Each structure stands twice: as C-alpha cells, then as structure tokens.
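Participant: here's my sequence, what's the structure:
(one chain, ligands or ions: 1)
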Amino acid sequence: MKYTIGHSLKALLLFSFLLFGYSVFADTEFDNWKRDFREFAITQGISASTIDAAFRGLLPDQKVIENDNHQSEFVKPLWKYLESAISEKRLATAKKMLDEHHELLSKIEAQYGVQREYLVAIWGIESNYGSNYGNKNIIRSLATLAYQGRRQEFGKKQLLAALRIIDRGDVSPSQMIGSWAGAMGLTQFIPTTYEEYAVDFDGDGKRNLIQSIPDALASTANYLSKSGWKEGESWGHEVKLSNNFNWSLADMQTWLGIGCWQHAGVTQISGDPLLHTFDDISGDNLSALLLPTGHTGPAFLVKKNFKVIKRYNNANSYALAVSYLGDQMMGRQGIMAQWPLDDVMLTRSERTELQQILTDNGFDTQGIDGRIGPNTQAALRTWQKTVGLVADGYANKKIFESLKKLAIVKPAIAKEEKHNQVTQEQKESDLQKVTQKLL
Ligand SMILES: [Ca+2]
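Facilitator: Sure thing, here's the model as predicted:
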C-alpha cells in the first residue's frame with residue numbers, strides 16, 4: 001500500500017512537472033532572485049518593509065522582455081512623426097493647459113527660468129497631458145528587466161531607485177504606474193532621474209510625479225534648469241543655406257558663433273542675415289547645424305537649449321517636436337522649408353547592410369547595429385566626399401542604392417590597382433570617376 005501511494009505520488013509529481021514544470025521552475029527561480037535582490041537592496045539602505053510591500057506576489061512580465069527585444073524594422077519619416085506630435089488637436093489642448101495652469105506655470109517659470117511653453121510641450125508629448133503615461137506596474141517592469149534579458153544592469157539600478165522613492169514616502173508601490181521601460185508619470189521620469197531631480201511643488205511633502213501636476217511640471221523645469229537651460233533663450237531657428245555650403249559643417253559636432261555661421265553661408269529662413277534677429281547670441285553662445293533629413297530638407301541652427309531638451313530623450317526628432325510645439329504656443333511660425341516627401345526610409349536590415357558595405361570598403365562605422373548614429377553618419381560623409389556627392393551624412397534609399405553599386409565595383413577597381421601599382425591619389429580619383437558614372 002505504502003509503495004503504491006509513493007508510486008502514484010511520484011507519477012503525479014512527474015505529470016505535474018511535465019504539465020507545469022517550466023512555470024513552476026521559472027517562478028522558483030524568480031523567487032530566488034527576489035530573495036537575493038531583497039538582501040542586496042537592504043544593504044543599499046532600503047527598508048525591508050518597503051521591499052516586501054513592493055515585491056508581494058510579484059511575477060515577471062514576459063511582455064516587458066518582448067517589448068525590450070522588439071526592434072522595429074521600419075522607421076516613421078520625421079515629418080510624419082512631427083505631424084502626430086504637433087497635431088492641431090495637441091496644440092489646442094496645449095493652449096488650454098497654458099490657460100488652465102497659468103498661475104502655477106508663472107510660479108514655476110519664475111523659480112526655474114524655463115519658458116512655460118516648453119514645459120507644457122514636454123507634458124503633451126510625454127503623456128498627452130496625463131491621458132497616456134503607460135499602465136504597467138513599474139516595480140514589476142523593472143524587476144523583470146533586472147531579472148532577465150539584455151538590460152539587467154539598467155533594470156537593477158532603476159529598481160533600486162524606484163524602491164528608494166517608495167521608501168522615502170513619495171509614492172506607494174501601487175501608485176507607481178508607467179511605461180514598460182520604467183518611465184513614470186505625467187512627464188515620464190525614469191527612477192534615477194526622479195530621485196535626482198523631482199521636487200515637491202504642491203507642498204504636501206511628497207514628490208508625486210504621477211498624480212500631481214505641480215510636482216511633475218516643476219520637476220521637469222528643475223531637470224531642464226539643472227541640465228543647463230539658458231533662461232529666456234530659444235532652442236534655435238530654422239535657417240537657409242547657400243548653394244555652395246560646406247556640408248561637413250552640419251555634423252552636430254561643430255559648434256560655432258553666429259558670425260562664423262553667417263560667414264559660412266547661413267541666413268535666416270527669410271534670406272536676411274542672421275545677426276539681425278539673433279540678438280540673444282553673445283560671444284560664448286554657440287550653435288550647431290542640424291539637417292535631420294539631409295541637404296534637401298529643412299535646416300536648423302540649434303543652441304544649448306536644444307541639447308538640454310535632448311537630455312530628456314536623445315533624439316533630434318523628439319527635440320524638434322518639443323521645440324516646435326512650444327514655439328507654436330508662442331505664436332511663432334512652424335517649419336517653413338519642404339520636407340523631402342519622396343524620400344524612402346531605410347529598413348533596419350538595409351541600415352545594417354549600409355553599415356556593412358561602408359565598413360567593408362574602409363569607411364568604418366564603428367560597429368554594425370542597424371542604427372544610424374554619429375559614427376555611421378561620419379563614415380557615410382567621408383564616402384560621399386570621396387565619390388564627389390554632397391557630404392551630408394544622411395542615409396536614405398537613394399544613397400543606399402548608390403552605395404550598393406560601389407560594393408560591386410570596388411573589388412574590380414582594387415584588382416586593377418593591384419596590377420598597376422597606383423598611388424592613393426589615383427585610387428581616389430578612379431573611385432570617384434567610376435562612382436560618378438554609376439550614380
Ligand atoms: Ca507634492
């Protein structure tokens with residue numbers, strides 16, 4: 001009898017394991033991880049009761065890992081992104097918010113020196129004025145990222161910061177709702193930014209960026225101000241470039257005074273000289289030239305405040321959206337020049353291929369990750385210069401097709417060169433000739 005029960009029990013256990021084994025195993029592993037993290041967090045000064053309250057019943061969220069692994073094949077053209085970020089409806093709500101929170105915004109502006117329009121723009125773009133700031137349990141999202149996947153260090157650091165925020169009494173674990181990646185509240189602060197820059201502006205002793213509009217907007221102003229926002233200044237201006245412009249200056253690494261830009265052939269969008277209206281420019285006030293869609297699209301001279309907006313989200317598209325939504329609240333004009341609407345964006349695999357071709361041909365992109373960053377742009381620019389194209393470093397379908405032709409002709413040139421022992425100068429001139437013929 002004893003044997004039979006034991007046998008049946010074993011069979012039942014085996015059956016259960018086959019049926020539920022993976023999840024039972026995974027949960028146990030996660031429980032172990034939670035136990036270890038709890039111990040670690042206590043050594044970091046977080047109270048056991050806070051951790052226990054935050055970790056109670058917590059399970060990993062596979063959706064978070066899926067989102068983290070999902071790298072989109074297609075990119076939205078910049079003009080499409082701006083169209084939705086600065087829609088008529090968004091602008092109308094923004095103006096309503098300026099009106100509704102007039103008094104609060106005056107106080108924040110006086111204390112932090114950041115124009116209210118840009119704060120309201122960030123609030124709109126980050127959470128659509130609180131109507132969309134994510135519905136994920138932040139602790140669960142961050143615990144999942146810390147437990148598995150490719151960003152465990154980030155997850156761990158942010159989770160600790162989130163627990164400290166709860167420990168401090170700013171918000172409760174259940175109030176911590178936000179995006180799958182850990183950004184919280186009306187203006188989407190990640191926990192480490194929250195810890196460092198959040199302020200209590202409504203005076204209740206708590207820094208609540210999820211439910212308190214005064215706290216969220218003042219914290220955003222504080223963050224911008226501490227990141228070097230220049231009071232009373234704009235983010236920059238749309239400009240026009242002369243036909244024989246030296247495109248290598250438009251690399252966002254070259255920061256020059258306004259006089260230098262004027263000398264280089266930059267004018268106001270109207271064609272008037274820069275200095276006439278750029279009266280907030282002093283000697284130390286430098287600008288960089290941004291051509292987000294290459295030499296055929298709009299051009300912008302951007303200043304320090306543009307860089308500060310990018311501290312929030314390091315994308316030119318985002319910073320342009322905040323800048324223009326803010327400007328339009330002030331009644332300033334929108335973007336005047338035409339976007340290159342016929343441009344076809346590269347897919348992720350094409351971007352990877354472009355980097356591979358450039359690197360294989362001696363134009364090092366410093367890694368192949370499918371993202372067109374400053375290194376890839378610099379490599380592309382050098383290639384464009386070598387073959388006599390406008391060196392704007394902008395990668396679209398047309399450039400990609402030209403580059404693919406190069407990948408075909410380059411080995412033939414190299415073979416011939418080897419045979420004839422040619423000089424570097426000759427090599428470049430040959431390459432230029434062949435490519436010109438192909439393009
Ligand atoms: Ca508060």
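
Participant: output the residue of the stretch 51-200 of the chain whose distance to the ion is smallest.
Facilitator: Asp200 (4.0 Å; C-beta to the ion). (C-beta placed from N, C-alpha, C; glycine too.)

Participant: with adjacent residues omitted, what lies nearest to that residue?
Facilitator: Arg207 (4.9 Å; C-beta to C-beta, 6 or more residues apart in numbering).

Participant: surely the one you found is in a strand?
Facilitator: No. Assigned with DSSP: H, G, I helix; E, B strand; the rest coil, Arg207 falls outside any strand and is coil.

Participant: show the pLDDT at it.
Facilitator: Reading off the confidence values, Arg207 has pLDDT 98.

Participant: number of residues surrounding Thr347?
Facilitator: For Thr347, the neighbour count with other C-beta atoms under 10 Å is 16.

Participant: same thing with the one 10 residues further on?
Facilitator: Applying other C-beta under 10 Å, we find 19 other residues in the vicinity of Ile357.

Participant: residues touching it, list them.
Facilitator: 403-404, 406-407 (C-beta atoms under 8 Å, 6 or more residues apart in numbering).

Participant: repeat that with 6 Å
Facilitator: Residues near Ile357 by C-beta atoms under 6 Å, 6 or more residues apart in numbering: 403, 407.

Participant: for it, what are phi and psi?
Facilitator: Dihedral angles of Ile357 (phi, psi; degrees, to the nearest 10) stand at phi -60, psi -50.

Participant: tell me the confidence at it?
Facilitator: pLDDT at Ile357 comes out at 95.

Participant: so it versus the ion, what's the distance?
Facilitator: 54 Å (C-beta to the ion, to the nearest Å).

Participant: the residue of the stretch 51-200 of the chain closest to the ion: neighbour count?
Facilitator: When counting by other C-beta under 10 Å, one arrives at 16 neighbours for Asp200.

Participant: quick check: it vs Pro214, distance?
Facilitator: 9 Å (C-beta to C-beta, to the nearest Å).

Participant: cool, and Asp369?
Facilitator: The value you get for Asp369 to Pro214, if C-beta to C-beta is used, is 41 Å.

Participant: so which of these two has more stuff around it?
Facilitator: Each of Asp369 and Pro214 has its neighbours counted (other C-beta under 10 Å); Pro214 has more, 19 against 15.

Participant: so the more buried one touches Asp202, yeah?
Facilitator: Yes. Between Pro214 and Asp202 there is a contact under C-beta atoms under 6 Å: 4.2 Å.

Participant: near the ion, which residues of the protein are found?
Facilitator: 200, 202, 204, 206, 212, 215 (C-beta under 5 Å from the ion).

Participant: what would those residues look like in TSV with distance to Ala146 and secondary structure?
Facilitator: Shown next, in TSV, are these (distance: C-beta to C-beta, whole Å; DSSP: H, G, I helix; E, B strand; the rest coil):
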residue	distance to Ala146	secondary structure
Asp200	28	coil
Asp202	32	coil
Asp204	30	coil
Lys206	25	coil
Ser212	27	coil
Asp215	26	helix
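
Participant: of these, buried ones?
Facilitator: Among the residues of the chain next to the ion, the ones that count as buried by 16 or more other C-beta atoms under 10 Å are 200, 202, 206, 212, 215.

Participant: where in the stretch 1-150 of the chain is pLDDT low?
Facilitator: 1-26 (pLDDT under 70).
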